[in-house]
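Colleague: okay, sequence plus prediction incoming.
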Amino acid sequence: MNRLRGLAHEGVIALLLAGVMGYAAWAEPGFAAASTQLELATHAFELALLALPMTFIIIAGGIDLSVGSTMALSAVVLGLLHRAGVPVAVGMLAAVIVGGAAGAVNGWFVSRARIHPLIVTLSTMALYRGLAEGISLGRPVSGFPEGFQQVAAGSIANVPTPVVMLIVAAVIAWLVLSRGVAGLWVYTIGGNEMAARYCGVPVERVQRWLYTASGLAAGWAGVMFAARRNTAKADIGAGIELEVITAVVLGGVSIFGGRGTILGTVLGVALIHELREFVSWHWSRDELILVVIGVILVASVLLNNLASRRRG
Amino acid sequence: MRGARASLAGGATGGRARATLLVLLLLAVVAGVSAVNPAFLAWGNLGELLARSAPVIIVGCGMTFVVLTGEIDISVGSLLGLLAALMGVLASPQHLGWPTAAVAAATLAAGAAAGLINGLLVTVGRVPSIIATLAMLTILRGGTEFVMAGRWITDLPPGLRELGTGRWLGVPWCLWAAGGVAGLSLLVARRTAAGLKVYAVGGSEEAATLARVSVGRVKLAAFTMTGLLTGVAALVSVPQQSVVESGIGVGFELVVVTAVVVGGTAIRGGTGGIVGTVAAALLLGSIRTALVFLDLGEAATYWERAIQGAFILAAVLADHVAAARRPGPARAIGAMP
């Protein structure tokens, strides 16, 4: 039943997405062309990558507000190591490890100290951003080597590398969430944490891993951001956490936990991404797109409520 | 009603220990910094410190009520931005050129209306408050950017600027507003039936309903009040600068929520209060000034946010340690804000 209701929501989002793309193909054939779409898809890399672990976390009844700050901290670590003469590959590894460590700290506070995730990640959101500002003294680092920039600019069989990474990450996330016992644990914890404990679900271990994974993804997102823009600064990724949560909830993941799918999140991310890119392509003024996204978000939850009330 | 009173008693004691701790910490910071650099105690500096915290205190009072009822409002930063744009467009002689009183009335009305919409979405629409206000955050920010269209408004009339830069009895208007709002909120929270209802709803919605408290109406009032107070904050803070641009208020919601949480109001509602929020707002606001006056060099100011973040985590952890020592469950399970 839960699964059916979830899919109904995804159907609505898919229809909306089809409508947007249909209109786009009619109004701007150049925009809908496959090559353009592949190029534009790289713009959504951070949003899409962060949305995958966020889906797990919200289904498990949590939230992670610190992902944007973790992104900045990782990128700044990479930049400072590069300026200190450390090889870029080592810097990338260090950046991802820093991201994972930041996530593990969140996981510890949530799972061991059992403090509400909203409070934990609100605090670390300030802390990680502050550390990024502190160690970089607010100054940007740029001038990364050509080879590093190719990490974000390269392509595999004419598909941009970031898009390949996203596809691989989404498939792995889908397999883990819907095909294994780990996914079942995540849904069970989100459905009823106490019941999950009594059922022998390793609640603390799962929570620790979820936040660590979110941190690792944020670390990699920071690296990719630095590679694409060829700059690392403490203010990158500001506000992206709210965008990610919007995409995930739009995709039908319940903020109370226990419900949602990777397919829904992919559709939610795609809808936000396509709306934004199309409007700025077509009208070259994109302020109102924020209004549209907000209205769709609230309308999707309202419609869901209405539908579930009718079913009783 | 007994349930409501019991939860009020629990709420008041839960918040009071934290409030006392924060006031002591604030005094320690002031004493420590002024021992190193007596200029910190100069009236001008303290006034500036207070003035910077004023918007956080004003909106924080409304947010305290919202969080006490078990909800949250993350749209206040975007609302502040939209109200700033509205004030700019209405007041600037180049645009509409309204008189100051009309601009003030329109700002307050628009703030209250936005709060009312939040409240209706949460109570009538049954949208979780974090989602409803996240959507409003996005919508209002988009509205602001649409209104401003990348322009800056630089010709605020002197009458309006007076609200930001003027003084009465030597004290800036924003401090009168912050003091008044905090005093009234404290009165409402501790001495009125409305305050009792807020704690009752946060303590247990079922018990409150049984005691014939209209849960929806209490929440609606809390959200509308927060919107109205965001209007007040906009009136006394926006005209402090001579320029209105579309970036005003970005991230403000997180500062306000942080002040409320550090102030000891439980995110699940029912416990906490105004004194903690005000003390936390002042403490968080004083860190930057303290760093400047400790004369640690220019680099020190870049660590402001890291120190704030560490501070918040420490406060949260202290709660955890205290809760672990108390008998009974460490926290309720299954309830989300």
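Modeller: Arrived safely.
Colleague: show me where the chain has strands.
Modeller: Going with chain A. Secondary structure of chain A by DSSP state E: the strands cover A:141-142, A:155-156, A:159-160, A:231-232.
Colleague: look at chain B instead
Modeller: Counting by DSSP E, the strands of chain B are B:167-168, B:171-172.
Colleague: rebuild those as TSV, extending it with mean neighbour count, distance to chain A and mean pLDDT.
Modeller: C-beta: built from backbone N, CA, C; applies to glycine. Formatted as TSV, the strands of chain B follow (neighbours: other CB atoms under 10 Å in any protein chain shown; distance: least, CB to the nearest CB, whole Å; pLDDT from 0 to 100):
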stretch	mean neighbour count	distance to chain A	mean pLDDT
strand B:167-168	11	32	82
strand B:171-172	17	27	82
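Colleague: picking up where we left off before, wait, which of the strands of chain A is closest to chain B?
Modeller: Chain B sits nearest to strand A:141-142 of all these, at 14.6 Å, using CB to the nearest CB.
Colleague: residues in contact with the closest one: which ones?
Modeller: Residues outside strand A:141-142 that contact it (CB atoms under 8 Å, 6 or more residues apart in numbering or on different chains): A:76, A:79, A:80, A:82, A:83, A:230, A:231, A:232, A:233.
Colleague: so for that strand, mean pLDDT?
Modeller: Averaged across strand A:141-142, pLDDT comes to 88.
Colleague: mind listing the strands it pairs with, and their directions?
Modeller: strand A:231-232 (antiparallel) (DSSP bridges).
Colleague: chain center to the strand it pairs with, what's the gap?
Modeller: 20 Å (CA atoms, centre = their mean, to the nearest Å).
Colleague: could I get the average pLDDT for it?
Modeller: Mean predicted confidence for strand A:231-232 is 92.
Colleague: OK, contacts around the residue of the stretch 101-250 of chain B found nearest chain A?
Modeller: Per CB to the nearest CB, residue B:142 is where the stretch 101-250 of chain B lies closest to chain A, at 2.8 Å. Applying CB under 8 Å, 6+ apart, we find residue B:142 in contact with A:287, A:288, A:289, A:290, A:291, A:292, A:293, A:294.
Colleague: need the winner for burial among the strands of chain A.
Modeller: Among the strands of chain A, strand A:231-232 has the highest mean neighbour count (mean count of other CB atoms under 10 Å in any protein chain shown), at a mean of 23.
Colleague: got the contact list for that strand?
Modeller: A:75, A:76, A:78, A:79, A:136, A:140, A:141, A:142, A:222, A:225, A:226.
Colleague: again, only this time at 6 Å
Modeller: A:75, A:76, A:78, A:79, A:140, A:141, A:142, A:226 (CB atoms under 6 Å, 6 or more residues apart in numbering or on different chains).
Colleague: cool, stretch A:29-48 as well?
Modeller: A:24-25, A:160, A:162-163, A:166, A:221, A:224, A:243, A:269, A:273, A:277, A:281.
Colleague: which of these count as buried?
Modeller: A:24, A:160, A:162, A:163, A:166, A:221, A:224, A:243, A:269, A:273, A:277, A:281 (16 or more other CB atoms under 10 Å in any protein chain shown).
Colleague: now the residue of the stretch 101-250 of chain B closest to chain A. Nearest residue, chain neighbours left out?
Modeller: For residue B:142, ignoring the flanking residues on the chain, the nearest one in space by CB to CB, 6 or more residues apart in numbering or on different chains is residue A:290 at 2.8 Å.
Colleague: the one you found: neighbour count?
Modeller: 22 (other CB atoms under 10 Å in any protein chain shown).
Colleague: likewise for residue A:161?
Modeller: A count of neighbours around residue A:161, defined by other CB under 10 Å, yields 18.
Colleague: what is the helix or strand of chain A with the lowest mean pLDDT packed up against?
Modeller: Here the helix or strand of chain A ranked lowest by mean pLDDT, DSSP states H and E is helix A:287-311, holding a mean of 78. In terms of contacts (3 or more CB pairs under 6 Å, 6 or more residues apart in numbering or on different chains; DSSP states H and E), helix A:287-311 is packed against helix A:262-282, helix B:129-148.
Colleague: now with 10 Å, please.
Modeller: Judged by 3 or more CB pairs under 10 Å, 6 or more residues apart in numbering or on different chains; DSSP states H and E, the packing partners of helix A:287-311 are helix A:2-27, helix A:240-250, helix A:262-282, helix B:100-123, helix B:129-148.
Colleague: including mean pLDDT and distance to residue A:53, could these go into CSV?
Modeller: Formatted as CSV, the helices and strands packed on helix A:287-311 follow (pLDDT from 0 to 100; distance: least, CB to CB, whole Å):
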stretch, mean pLDDT, distance to residue A:53
helix A:2-27, 81, 19
helix A:240-250, 89, 9
helix A:262-282, 90, 10
helix B:100-123, 94, 28
helix B:129-148, 89, 19
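Colleague: I'd like the distance between residue B:90 and residue A:208.
Modeller: For residue B:90, the distance to residue A:208 (CB to CB, to the nearest Å) stands at 52 Å.
Colleague: residue A:116 too?
Modeller: Relative to residue A:208, and taking CB to CB, residue A:116 is found at 16 Å.
Colleague: and the contacts of stretch A:29-48, which two are furthest apart?
Modeller: A:25 and A:221 (30.0 Å; CB to CB).
Colleague: quick revisit: do you know which of the strands of chain B lies nearest residue A:184?
Modeller: strand B:171-172 (58.5 Å).
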